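>>> Structure for this input, please:
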Amino acid sequence: MRTDAGQATGQANGQGARRLTQYAHGGGCACKIPPGELEEMVAGLLPPGAAGNMIGELLVGLDHGDDAAVVRLPGGPGAPAAVATADFFTPVVDDPYDWGRIAAANALSDVYAMGGTPLVAVNLLCWPRDVLPFDLAREVLRGGLDVAAAAGCLVAGGHSVDDPEPKYGMAVTGTVDPERLLRNDAGRPGVPLSLTKPLGLGVLNNRHKTTGEVFPQAIETMTALNRDASQAALAAGAVCATDVTGFGLLGHLYKLARASEVTAVVDSAAVPFLDGAWDAARAGYISGGTRRNLDWVAPYTDFGDTDELTRLLLADAQTSGGLLVAGEVPGAPIVGELVAAGPHRLVVR
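Residues are numbered from 1 along each chain as shown. Predicted structure coming up:
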């Protein structure tokens, strides 16, 4: 799915369309620092609020690796809370406008995953200015602006640097009712698990990067906002959720189960996948990030007789994936349940 501006830029360069994914070592949320390494790096770091002289009260911080920080603002009972997050990554698709849309939807998702409403965003742009024309960067920014506008979120400037690899995303600030938070440590036994977008984005994106094939179903999924899913979860009374991005379904679910001190059971047959995902996985388009995700959760997971390909797809590194909600969300498939803590944090059937 190419834009007219992208076609014109490629023709003007006399080189045909530039493939943005070829200017980066990886793509999308698969480029995240592996979860185990990240946790080791931040272990022992205390949030500044521990000093006791901060303006607001930190409600959600580093403790459980939730999707965004939440700070209760001064003003007493009924005062709103602020939600803050930042997310950016290397190109996940070749079309610059689509990459901008995907990156913006992905950044906004962290606010929705907390039950919040995005208020304002600033752009984060890294660009190899001597290698790629600024016309392409403009298309990336236009894509981000359009998705933010669809979300009702203002965009006010940002920050850019000259970088060997192109990277784009947003820092987003929103508001949330502190009494109606969705957080990853609030799961309780006996609650079903709903997944609001299908899996398979990682393998399809990896196939796109390798072959140039375009997968409209993946682009449509990644650019879809999680706003409606978040509102539906809150309306259903949910208090526990996370979004599914670079650590895959299993990685994010493991963090949720560990933080909530429960065991999560996944019904692999009930998990939805995008068209073409299984074919891409069978053809070997598995990212290194996906394999690292599986290695990280394996010691804490009872896989039973689940085959290796299924395990990899359940750990597939998603970009701008859906919400994983502890609760029943209308229209979303039930993919498992939370049960009392057992010998494993995850059980896959």
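>>> Please count neighbours and contacts with C-alpha atoms only from this point.
Noted.
>>> Which stretches in the stretch 101-250 of the chain count as strands?
Counting by DSSP state E, counting those that start in this stretch, the stretch 101-250 of the chain has strands at residues 117-127, 154-162, 167-176, 192-195, 241-243.
>>> Low-confidence ranges, the stretch 51-200 of the chain, go.
Low-confidence segments of the stretch 51-200 of the chain (pLDDT under 70): 51-54, 61-66, 76.
>>> Repeat the analysis, applying 50 as the threshold.
Counting by pLDDT under 50, the stretch 51-200 of the chain contains no low-confidence range.
>>> how does this protein divide into domains?
If you go by automatic domain parsing, the domain ranges for the chain are 4-176, 192-348.
>>> Excluding chain neighbours, what is closest to the residue most central in space within the chain?
For the chain, residue 245 is the residue whose C-alpha lies nearest the centre (Cα atoms, centre = their mean; 3.2 Å). Excluding its sequence neighbours, the residue lying closest to residue 245 (Cα to Cα, 6 or more residues apart in numbering) is residue 318, at 4.4 Å.
>>> how close does that neighbour sit to residue 286?
12 Å (Cα to Cα, to the nearest Å).
>>> Neighbour count: the two, which is higher?
For residue 318 versus residue 286, the count of surrounding residues by other Cα atoms under 10 Å is larger for residue 318: 30 against 22.
>>> Please settle this for me: is that one part of a helix?
No. Using DSSP: H, G, I helix; E, B strand; the rest coil, the assignment for residue 318 is coil, not a helix.
>>> Isn't it up against residue 251?
No. Contact criterion Cα atoms under 8 Å: residue 318 and residue 251 do not qualify, at 10.7 Å.
>>> joint contacts of residue 318 and residue 286?
residue 202 (Cα atoms under 8 Å, 6 or more residues apart in numbering).
>>> Do I have it right that residue 74 meets residue 55?
Yes. With contact defined as Cα under 8 Å, residue 74 counts as touching residue 55 (7.1 Å).
>>> Residues that sit against both of those two, list them.
Residues touching both residue 74 and residue 55 (Cα under 8 Å, 6+ apart): none.
>>> Let me know which of the strands of the stretch 101-250 of the chain is tucked in deepest.
Among the strands of the stretch 101-250 of the chain, strand 241-243 has the highest mean neighbour count (mean count of other Cα atoms under 10 Å), at a mean of 31.
>>> avg pLDDT for that strand?
The pLDDT scores in strand 241-243 average 95.
>>> What helices and strands are in contact with it?
helix 96-113, helix 248-260, strand 323-326 (3 or more Cα pairs under 8 Å, 6 or more residues apart in numbering; DSSP states H and E).
>>> What number of residues are in the vicinity of the closest residue to residue 260 other than its chain neighbours?
Of all residues not flanking residue 260 in the chain, residue 185 sits nearest, at 4.2 Å (Cα to Cα, 6+ apart). Counted with other Cα under 10 Å, residues neighbouring residue 185 total 23.
>>> mind checking how far residue 185 is from residue 98?
33 Å.
>>> Likewise for residue 150?
Taken as Cα to Cα, the span from residue 150 to residue 98 is 14 Å.
>>> okay, those two: which has more neighbours?
Legend: neighbour count by other Cα under 10 Å for residue 150 and residue 98, higher for residue 98 (25 against 11).
>>> for that one, what are its contacts?
Here residue 98 is in contact with 140, 143, 219, 223 (Cα under 8 Å, 6+ apart).
>>> Please look at the residue nearest to residue 260 and residue 242 and confirm they touch.
No. Counting by Cα under 8 Å, residue 185 stays clear of residue 242, with 9.8 Å between them.
>>> what is in contact with the two at once?
residue 256.
>>> Figure out which of the strands of the stretch 101-250 of the chain is closest to residue 346.
strand 192-195 (12.7 Å; Cα to Cα).
>>> Quickly run through the sheet partners of that closest one, with directions.
In the sheet, strand 192-195 lines up against strand 323-326 (antiparallel), strand 334-340 (antiparallel) (DSSP bridges).
>>> gap between residue 18 and residue 94?
Applying Cα to Cα to residue 18 and residue 94 gives a distance of 7 Å.
>>> quick one: which of those two has more around it?
residue 94 (23 against 19).
>>> The more buried one against residue 100, yeah?
No. Residue 94 is beyond contact range of residue 100, at 10.6 Å (criterion: Cα under 8 Å).
>>> residue contacts, the nearest residue to residue 82 once chain neighbours are set aside?
Leaving aside its chain neighbours, residue 82 sits nearest to residue 175 (4.6 Å; criterion: Cα to Cα, 6+ apart). Contacts of residue 175 were listed using Cα under 8 Å, 6+ apart, and they are 80-83, 116-119.
>>> Output these in TSV, with distance to residue 59 appended to each entry.
Shown next, in TSV, are the contacts of residue 175 (distance: Cα to Cα, whole Å):
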residue	distance to residue 59
80	12
81	9
82	10
83	10
116	13
117	17
118	18
119	19
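>>> and of the residues you listed, the nearest to residue 208?
Set against residue 208, the nearest of those by Cα to Cα is residue 118 (30.4 Å).
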